[in-house]
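Peer 1: Sequence plus predicted model, see below.
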Amino acid sequence: MTKVVIAGAAGRMGRRIGFMVNQHKELQVAAGFEVPGSPDLGKDMGDLGGYGQSGVKVVGDPAAALAQADVLIDFTFHEATMGFARLAAAQHKGMVIGTTGLSPANLAELKELTAHFPCVQSPNMAIGVNVLFKVAAKVAAILGNDYDIEIVEAHHRMKKDAPSGTALKLGEMVAAAVNRDLGQVGVFSRHGMIGARTDAEIGIQTIRAGDIVGEHTVYFAGAGERLELTHRAHSRDNFAQGAALAAAWVAGKANGLYTMFDVLGLTDL
């Protein structure tokens, strides 16, 4: 049985992750932690996650919590995530990172740290989204430069980063499929007299409203027709379930940085 510790255990994602980990036959919720001073410190993880009292209490010491587990699951905030990754490296524990907003510098440091521990890092843990990543890249490669590519993403009003990590990953994959660099051709806002759209640009636009869990659409627009690929998340359970799957997969793996493509067997597709 793989023992799991959950960062941000009392948050919306933390609670659903706890529930999904508890449902997984190969996993056990061993610990959970919150920031010092949180009103949820001392609460039972099972009560928070909706799966009944577990006897596992939320604590405020990440290092002590991690020492009780084999794998850490983190969906918190990019600055906190890097501190947790350093702890995982120091204790040689597995880690699953679903946090978005990681900078290029963060990712470079993470790659170095994973010489000391195995880690699955993905901007989106949902199975359907990872299939969308692959399908969108395939479609872009087939349609080529004759179709304009645009991405629109929508999330709840509390989401801190924009565009979403998922939208950026989609942009990177479709750009690579048509031999472009998203860093050079990405357009993230349009306003005023902007002139005609260039052939090379890939637009990524953001919506923040209400309690939208997550929606991503990739548009391929050509002369006289348009193809749309859309993923809509109906609840956070898809992300939490993917995180539990990744935790079970990464336990015992060789040190290194992995993605959900590795977990799902999609690497060579």
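Peer 2: In hand now; what should we look at?

Peer 1: what about stretch 180-187, start to end distance?
Peer 2: Using CA to CA, to the nearest Å, the span of stretch 180-187 from its first residue to its last is 13 Å.

Peer 1: Check which residues of it are buried.
Peer 2: Applying a neighbour-count criterion of 16 or more other CB atoms under 10 Å, the buried positions in stretch 180-187 are 180, 182, 185, 186, 187. C-beta here means a position set from N, CA and C on the backbone, and glycine is covered the same way.

Peer 1: same question for that stretch, mean pLDDT?
Peer 2: Along stretch 180-187, the predicted local confidence has a mean pLDDT of 98.

Peer 1: likewise stretch 87-102?
Peer 2: Within the predicted structure, the mean pLDDT of stretch 87-102 is 95.

Peer 1: which residues in the stretch 151-269 of the chain form helices?
Peer 2: Shown for the stretch 151-269 of the chain, the helices assigned by DSSP state H, counting those that start in this stretch span residues 165-177, 182-185, 237-250, 260-264.

Peer 1: what's in contact with the longest one?
Peer 2: Residues from elsewhere that reach helix 237-250 (CB atoms under 8 Å, 6 or more residues apart in numbering): 2, 4, 13, 16-17, 19-21, 23-24, 26-27, 71, 73, 75, 94-96, 98, 118-120, 122, 124-128, 130, 233, 258, 260, 262-263.

Peer 1: redo that, cut-off 7 Å
Peer 2: Residues external to helix 237-250 that are found in contact with it (CB atoms under 7 Å, 6 or more residues apart in numbering): 2, 4, 13, 16-17, 19-21, 24, 26-27, 71, 73, 94, 96, 98, 118, 120, 125-128, 258, 260, 263.

Peer 1: What subset of those residues is buried?
Peer 2: Judged by 16+ other CB under 10 Å, buried ones among these: 2, 4, 13, 16-17, 19-21, 24, 27, 71, 73, 94, 96, 98, 118, 120, 125-127, 258, 260, 263.

Peer 1: quick one: which of the residues you listed sit in helices?
Peer 2: When those are checked against helices (DSSP state H), the matches are 13, 16, 17, 19, 20, 21, 127, 260, 263.

Peer 1: how near is residue 59 to residue 39?
Peer 2: The span separating residue 59 from residue 39 equals 14 Å under the rule CB to CB, to the nearest Å.

Peer 1: what's the pLDDT at the residue nearest to residue 223 when sequence neighbours are not counted?
Peer 2: Once its chain neighbours are removed from consideration, residue 223 has its nearest residue in residue 146; the separation is 7.8 Å (CB to CB, 6 or more residues apart in numbering). Reading off the confidence values, residue 146 has pLDDT 95.

Peer 1: Give me the neighbour count for residue 80.
Peer 2: Using other CB atoms under 10 Å, the number of residues around residue 80 comes to 15.

Peer 1: Compute the inter-axis angle for whatever helix or strand it lives in and helix 165-177.
Peer 2: In this assignment (DSSP states H and E), residue 80 forms part of helix 78-91. Using axes from the mean of the first three to the mean of the last three CA atoms, to 10 degrees, the direction of helix 78-91 lies 80 degrees away from that of helix 165-177.

Peer 1: gap between helix 78-91 and the chain center?
Peer 2: Averaging C-alpha coordinates over helix 78-91 and over its chain gives two centres that are 16 Å apart (CA atoms, centre = their mean, to the nearest Å).

Peer 1: Can you give me the neighbour number for residue 200?
Peer 2: When counting by other CB under 10 Å, one arrives at 15 neighbours for residue 200.
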